[in-house]
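here you go, sequence then predicted model.
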Amino acid sequence: MNLGRPHPNTQTLGELFEKYFGTGQYSASENLGLLIELVNFFRPKQPKSASVSIAPLLLFLAENPIEKRLLIAYFKTVFQQRKFSKILSDAGILQDSDFLYEVKKRLIAKILPYQPEKDTLEYILNQVFYLDTDTIWVNKIPKEELYRLFTILTFSDIYPSSKETTPLSELLNAMTLLSQRMSGRAMEYDVIKMVPEYDAYDSPFTAMEKELLRIEEQVRTNNEHWVTSENLHYKQFLILHKQCEEYVDKAFSNSQKYGISLKVNQNLLRIRQQLYRLKILVPLLVVNQEAEKKEKSLQLALKLIKYNCFKNNVGKLINDSTQLLSYEITQHTAKTGEHYITETSKEYFQMLKAAMGAGLVVGILCIFKVLLGKVETSYFGHAFLYSMNYALGFITIFLLGFALATKQPAMTAATIAKALESGMKRPNKNGEKHSSFAHLFARLFRSQFIAFVGNVFVAFPVSLLGIWLIDLAFHYNIAETKWTKLLTDISPVDSPAIFHAAIAGVFLFLSGIISGSVSNRNKHQQVYYRIQEHPFLKLTFGTEKTKRIANWIEGNWAGVISNFWFGVFMGSTASIGAFLGLDLDVRHITFVSGNLALGLFGANFQVTSGMLLWGIVGIGVIGFVNFIVSFSLSLGLAFRSRNIPFSELHFLNKAIWVYFKKRPLAFFFPIKEK
């Protein structure tokens, strides 16, 4: 009989069986060739879209009793006494609290898979179901067909015996190991510190482990190697399991109070994964009706395939491991971002004043950078000098309460996501939600607009005044030999200014990440409280002054560090690019406005109209790219950290456009709402 296969292959099922059973006998405990080819026969090329059926195999076995008998004997030989508890207890679950090590290990395993001992079921699964997508198409096989195959091949369920090396014993061993690991991990100091609410109570993990041991004892010692859903120990286990889940949820939610480190995050995530695994496995011990035995045995087989396929999944690891940390980081930037969105006319002009202050500082920094460029030193020397110039300037702007326009997007994006998350929790108010966001975005946009105006329109005259005073005092035009480069670098048509502006946008985003990360780390390590109660500081400065020092560090340290690193990024990029032979540099709207003034003075204002025009256009283009890159990256991180679907952006953009057509001036000036 010529039975086809789901995708093109010249070999039929009859030919496949003839290849291995042609002599009438086939028995080799380590020869997996038949199983590998049989699975490959049904493996579709596109698992996500294909429909899968093993009906041809069922029909072939029904019509060929000899091949059926040989296949049954073959499977008994291959699967006899195979250990698999390690798959259930380890596969797909974090094995190390070191995030980078775990990622590296999984990446290496994808290229060069770990091969277990040949007497384990994991070895067979590695050889047979070696693709990540295998679990997808296997689960598409109709359950009725799997039940029929189960019967035809005379497979036994997992409940006849609980002796060592039996499937039921392997299942029990895996569950016991999971509960023991959880109990130990949950008692570690860094984890307990996250849930002080449980200090007065016994650990629910220890109690759950005891109940699971009682269930195991019953399963192993009773004649019937299962329990029913009415079993008291099973009911108590479910209650305690729920308490353990609440314990972990509380620890994660307390991260807003106490902060959280990557190590603690990984430990809690590992406990959560183990709890979920137990939630899947323990019900396999529960049998209320005879028909459930076959069903749950099949469930176990499918879970083994799934867990083994997903054990080296890197994407899910990164997503799960970084989501909470990104949430905590954006929580800090969201709080900071609230100060960057103006509402009233008073706040609007206060923002203008703060932006003008930043423009004043940047104008001075532009002059210093031209002077530092004349110092004869190495690439590293220039990188250091430029970095310190930028860093000290940005820190000064921050401490004086001034506003650098492009620092705002990384902060305000998190504020938008936070507000959107709050709006999503209100049922049946989608229209109002998106409409209110249009108003919020209008406030944000006009805050950015006035900050750009304040920065640019002050940095230009300050730079011009500074270079003129230097020329007046020392009869030396500091930009006389550099004016061509200063003006050309601004032009989006004569230089890669757009690319360089995008690099600056990435650095702006990273500075926001650093700010949130430092704030979260200090909160988790109780840095402010430790300073406040430091005995030497209290003795030296007094209790009140020490408290003020702690409060100042709490309010400013994260901003100081992020601005320092932003300065280092900005100042060292060009030198690193020159060292590597790459055209790397940064363009920032406020600085290019100052550079335009320096370039014009350096040329004695004798420039072509085209150069001047592209210089002015370049300022706007660079500002837009600075904004859109940093805002997009920050908004993406904020959305992901709060599990907000990106489909919300479509409705938000639509609402913003409707509001803009209705009240365009509201995007630039503080107009009162009707």
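Structure received. Residues are numbered from 1 along each chain as shown.

excluding chain neighbours, what is closest to residue 366?
Of all residues not flanking residue 366 in the chain, residue 594 sits nearest, at 3.4 Å (Cβ to Cβ, 6 or more residues apart in numbering). Bear in mind the C-beta positions are built from the backbone N, C-alpha and C, glycine included.

quickly find the element holding the one you found.
Here residue 594, judged by DSSP states H and E, is contained in helix 589-602.

returning to what we had before: from what I can see the residue nearest to residue 366 touches residue 358, true?
No: if you go by Cβ atoms under 8 Å, residue 594 and residue 358 don't touch, sitting 11.5 Å apart.

the more surrounded of those two?
More crowded of residue 594 and residue 358, by other Cβ atoms under 10 Å: residue 594, with 31 against 27.

mind checking how far that one is from residue 477?
Distance of residue 594 to residue 477, computed by Cβ to Cβ, to the nearest Å: 16 Å.

where in the protein is pLDDT low?
Scanning the chain for pLDDT under 70 picks out 1-10, 23-30, 97-99, 200, 320-340, 407-434, 641-643, 672-674.

mind checking the longest helix of it?
Taking DSSP state H as the assignment, the helix of the chain that covers the most residues is helix 430-474.

who are the packing partners of that one?
Secondary structure elements in contact with helix 430-474, counted by 3 or more Cβ pairs under 8 Å, 6 or more residues apart in numbering; DSSP states H and E, are helix 345-372, helix 408-424, helix 589-602, helix 609-641, helix 648-662.

after it, which helix or strand is next?
Downstream of helix 430-474, the next assigned helix or strand under DSSP H and E is helix 483-488.

got the buried residues for that next one?
483, 486-488 (16 or more other Cβ atoms under 10 Å).

how about stretch 490-500?
The neighbour-count criterion (16+ other Cβ under 10 Å) identifies 490-492, 495, 497, 500 as the buried residues of stretch 490-500.

mind checking the end-to-end distance for that stretch?
10 Å (Cα to Cα, to the nearest Å).

which residues touch it?
Contact partners of stretch 490-500, identified using Cβ atoms under 8 Å, 6 or more residues apart in numbering, comprise 488-489, 583-587, 592, 595-596, 599, 611, 614-615, 617-619, 621-622, 625.

can you give me how far that stretch is from the chain middle?
32 Å (Cα atoms, centre = their mean, to the nearest Å).

also stretch 51-65?
Per Cα atoms, centre = their mean, the centroid offset for stretch 51-65 relative to its chain is 44 Å.

quick one: residue 116 is in a helix?
No: counting by DSSP: H, G, I helix; E, B strand; the rest coil, residue 116 is not part of a helix but coil.

number the residues from 33 up from this point.
Noted, 33 is the first residue going forward, which turns the last one into residue 148.

which one of the helices and strands packed on helix 462-506 lies nearest to residue 184?
helix 641-673 (47.4 Å; Cβ to Cβ).

which helices and strands sit right next to the closest one?
Here helix 641-673 touches helix 346-369, helix 440-456, helix 462-506, helix 515-520, helix 529-556, helix 621-634, going by 3+ Cβ pairs under 8 Å, 6+ apart.

now tabulate those in CSV and tack on distance to residue 292.
CSV is the format used below for the helices and strands packed on helix 641-673 (distance: least, Cβ to Cβ, whole Å):
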stretch, distance to residue 292
helix 346-369, 6
helix 440-456, 17
helix 462-506, 29
helix 515-520, 46
helix 529-556, 6
helix 621-634, 35
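
deepest of these, which one?
helix 621-634 (a mean of 27; mean count of other Cβ atoms under 10 Å).

pull the distance from it to the chain's centre.
On Cα atoms, centre = their mean, the centre of helix 621-634 falls 39 Å from the chain's centre.

for residue 526, which three-state class applies?
Going by three-state DSSP: residue 526 is coil.

show me where the stretch 233-382 of the chain has helices.
Secondary structure of the stretch 233-382 of the chain (DSSP state H, counting those that start in this stretch): helices located at 236-253, 264-285, 287-290, 294-313, 323-342, 346-369, 377-404.

outside of the fourth one, which residues touch it?
This means helix 294-313. Against helix 294-313 from outside (Cβ under 8 Å, 6+ apart): 120-121, 124-126, 128-131, 134, 203, 206-207, 210-211, 213-214, 217-218, 220, 222-223, 226, 244, 273, 276-277, 280, 283-284, 335, 352-353, 356-357, 556.

taking those, please make a PyMOL selection of just the buried ones.
Burial among the contacts of helix 294-313 is assessed by 16+ other Cβ under 10 Å; the matching PyMOL selection reads:
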select buried, resi 120+121+124+125+126+129+131+134+203+206+207+210+211+213+214+217+218+223+226+244+273+276+277+280+283+284+335+352+353+356+357+556
